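1. after the sequence you'll find the predicted model.
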Amino acid sequence: MLVFFLFACVCGAGICQSWKSYVKENGYGKLLVEGDYLWSAGAVLYRFDVNTRAARVYRRGDGLPENNLSCIAVDSRGTKWLGTASRGLWLFDGVAFELFGAQQQLGKSSIGCLAVDSADNVWMAALGANELSVWDGQLLRVYGAESGLEGTIRGVTDNGNAAWCCTIKGIFRLDGEQWVKEKEKAHYEIFSDSEGNIWAANYSDTGNVVCFDGAQWTSYTVGAFGFSEAPDGSIWAGTGNGVARFDGESWTEYTPGDGMPETWAEVVDIMSTAVDANNVLWATSSMGIISFDGETWSHLPMVSSIPMDHLTCACWTPNGLLFESYHGGRGFFDGVSWGVYNAERPGSVSGSPSMFYDQARNCVWLGGRAGHLSLFDLASRSKFMLPGDDVPLNPTSAMALDMADNLWVGTSFMGIYRLEGETWTRFSTDDGLTSNDVNGIAIAANGDVWAWAGGPYSEPGIDVNIFSEGSWRQETLASEGTIMGLASDDEHNIWGLIQTSGWPASYTVVRLGADGSLKQWPLDTGVTGTLQGMFVSPAGDVWIRGYFGALRFAHDEWQLVTPADGVSTGVIESVAFAPHNETWICTETALSRLDESPIPWLDFHLTGATGTTLDFVPGDTLNLHAELHNPMTPCDVSIYVAFQLPGDDTLFFWPTFSTDPAPAFTGALPDKLFWGPEPLFQYTFNGSEPAGSYFVKGAILSNETGGMIGEIVEAPFAFTP
């Protein structure tokens, strides 16, 4: 028996406002082996069964405190301890996430390292802290300089006899109540094996790894990150561009082309390793999680995640969302799946800091960080460098199309360029600009081009540059302050962000309407750090970029958007706008989507009763019509329709009338009517049916999330024999 009220994730009727973040889920996580499970703590919490290969991903919607986990440890009860980058220490019992009970006493929101010792004491240090804390289950104790510790804590471990930690000042061992320095020099990682040996890594040119066996220190010239021990006693570690194994005598390194597949040239930044009970090595890399069983290397595919990280910008095209990585690759999302266009090898090309879709030429312009403007052709899915002295060869900061489909490109040092047909023309201070540092371009209703010149690389100003009838002039956008953003919407209203003097800085948003009207809104931001840059949607919604959040102006009010609303943490790089009221925010590590499409909902219509009410009698024929309102495209759903009889909570699912839940429809939503104008269901009462109140109920579930879209709809009717 199933009742529809058990479905979760209900959105109210009308407009559904929800953020969903997409990250590179398997990469750059800290690994941990617990029995048959491999855990990865990074952008998500990832659990993988090494035997059945079943995977489970825990995201923000599952209660994950944030999508930036810094460390993970497990105690003897199986509780996972999770350090986060900004929300403190959390516990996960396999069902629910819970904030550390002494978090307020701990007082540190950014956890840098974490370990659980043999007595289940939990050791932790905040990122960049000079203190080490330990929780014994009842009390929290803090060790600082008075206990002998020196320098920023980088790692902590326990070898069964004592707690050890490494700092930028050396390696320390806890002796009673005091920490004793056992070795000089900065160390960034520490690990203890099953024999009680202490392993640590440093940046020395002569010995990157040191090992203490209880009597003496031994140095090895191998780079190491993320130590782990295999059941056979061997020690594994990442080396940045591969892995290394210590067999008790010496280290053996594995790199692409030398022990690893040659095609794995993109396997870089291996920072964490773990070995399961089958002696299989697991490691995180820039291409996800990799494994080695002693003979074969394997790659664990991403789980519904973006194909790259270190993102720099994004824009919407007719082919879907296009985004760029700092390493030079371009990824896409076509509304259903993620992919990569001609990704260069990481490190070969600097990623574009700006991206602009040119609808007149059906291409995307990529503003190179090193100053090379290039074109990404959507048809061939290839990137072309544009040679020539007239092409902008300077970091690109702004792009716009005017009413004549001319492309305007603002640069950081060389002024502004115009592409008219196939001809580039450069404008600089020699032509009347106030500065060659152009950071914003807007198009006015009369066709004039507005440019905000002045910013990080030049003296700030309040004047805006206007190109009209072949020449530049200046106008003052506000009475005082500094321009920090300039943009225009589809109605050609000009928007400006003004920062006034003082600390903390205050801001005002001004709008010069296409009709010449001027409006101003003072901002009480609540966003951490400086506001800089504006993005305007086709519908006229204004987004202002902050370092750890954004401000949005819509429906005549300002809204603060932060990670607490579901947006990924980190600096906002760009904002892109898609059809169907979708907004994408690009940060370095994730893409966050706000879907404000009108949500679909069902409407049942019943006819066929003899009287004016829906009270059927023998001989009447019940006609059930179902209509779908506000269909979303694309939207992969399952639609359920069920009947409930008098005096019984059991649901009978149409069309089989079985009590086993089965959808009446599954797939992409139909465009207009659900099953057309004909009745969905017809039934003629013969008099033998139970008397009383009946219900027909319906619900729409997302096949992607399993959650319900909209609300349960029901239509009552009655039968009287």
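-> That came in fine, so what should we check first? Predicted, not measured: the structure shown is a model, and the values here were computed from it.

2. burial measure for Trp521, as a count.
-> Trp521: 14 surrounding residues under other C-beta atoms under 10 Å. For the C-beta atoms, the positions are set from N, CA and C on the backbone; glycine is no exception.

3. OK, contacts around it?
-> Residues near Trp521 by C-beta atoms under 8 Å, 6 or more residues apart in numbering: Thr508, Val509, Val510, Phe553, Trp558.

4. what's the separation between Phe92 and Tyr640?
-> 32 Å (C-beta to C-beta, to the nearest Å).

5. and if you look at Thr317?
-> 36 Å.

6. what is the burial count for the closest residue to Leu551 other than its chain neighbours?
-> In this structure, Leu551 finds its nearest non-sequential neighbour in Ile544, 4.4 Å apart by C-beta to C-beta, 6 or more residues apart in numbering. When neighbours are counted by other C-beta under 10 Å, Ile544 registers 28.

7. these two touch, right, Arg426 and Phe413?
-> No - counting by C-beta atoms under 8 Å, Arg426 sits too far from Phe413 to count as a contact (11.8 Å).

8. so for the two, which sits in the more crowded spot?
-> Between Arg426 and Phe413, counting by other C-beta under 10 Å, Arg426 is the more crowded of the two (19 against 15).

9. ok so, going back, got JSON lines for the contacts of Trp521, with pLDDT, secondary structure and neighbour count too?
-> Formatted as JSON lines, those follow (pLDDT from 0 to 100; DSSP: H, G, I helix; E, B strand; the rest coil; neighbours: other C-beta atoms under 10 Å):
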{"residue": "Thr508", "pLDDT": "83", "secondary structure": "strand", "neighbour count": "17"}
{"residue": "Val509", "pLDDT": "85", "secondary structure": "strand", "neighbour count": "21"}
{"residue": "Val510", "pLDDT": "87", "secondary structure": "strand", "neighbour count": "17"}
{"residue": "Phe553", "pLDDT": "84", "secondary structure": "strand", "neighbour count": "20"}
{"residue": "Trp558", "pLDDT": "80", "secondary structure": "strand", "neighbour count": "17"}
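
10. can you tell me which two in the residues you listed are farthest apart?
-> Val510 and Trp558 (13.7 Å; C-beta to C-beta).

11. right, and Ile171 touches Ala201 too?
-> No - in this structure, Ile171 is not within contact of Ala201 by C-beta under 8 Å, at 10.7 Å.

12. got any residues that touch both of these two?
-> In contact with both Ile171 and Ala201: His187, Ile190, Val210, using C-beta under 8 Å, 6+ apart.

13. could you find the closest non-adjacent residue to the residue nearest the centre of the chain?
-> The chain has Ala590 as the residue nearest its centroid, 2.8 Å off, counting by C-alpha atoms, centre = their mean. The shortest distance from Ala590 to any residue other than its chain neighbours is 3.4 Å, reached at Ser568 (C-beta to C-beta, 6+ apart).

14. tell me if that neighbour really is in a helix.
-> No - counting by DSSP: H, G, I helix; E, B strand; the rest coil, Ser568 is not found in a helix; it is coil.

15. quick one: the helices in the chain?
-> Per DSSP state H, the chain carries helices over the ranges 103-106.

16. show me it divided up by domain.
-> With automatic domain parsing as the criterion, the domains of the chain are listed as 66-300, 394-476, 601-719.

17. a markdown table for those domains, including mean pLDDT and distance to Val50?
-> Listed next are those as a markdown table, based on pLDDT from 0 to 100; distance: least, C-beta to C-beta, whole Å:
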| stretch | mean pLDDT | distance to Val50 |
| --- | --- | --- |
| domain 66-300 | 89 | 5 |
| domain 394-476 | 86 | 46 |
| domain 601-719 | 80 | 26 |
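
18. list the contacts of Thr607.
-> Contacts of Thr607 (C-beta under 8 Å, 6+ apart): Asn623, His625.
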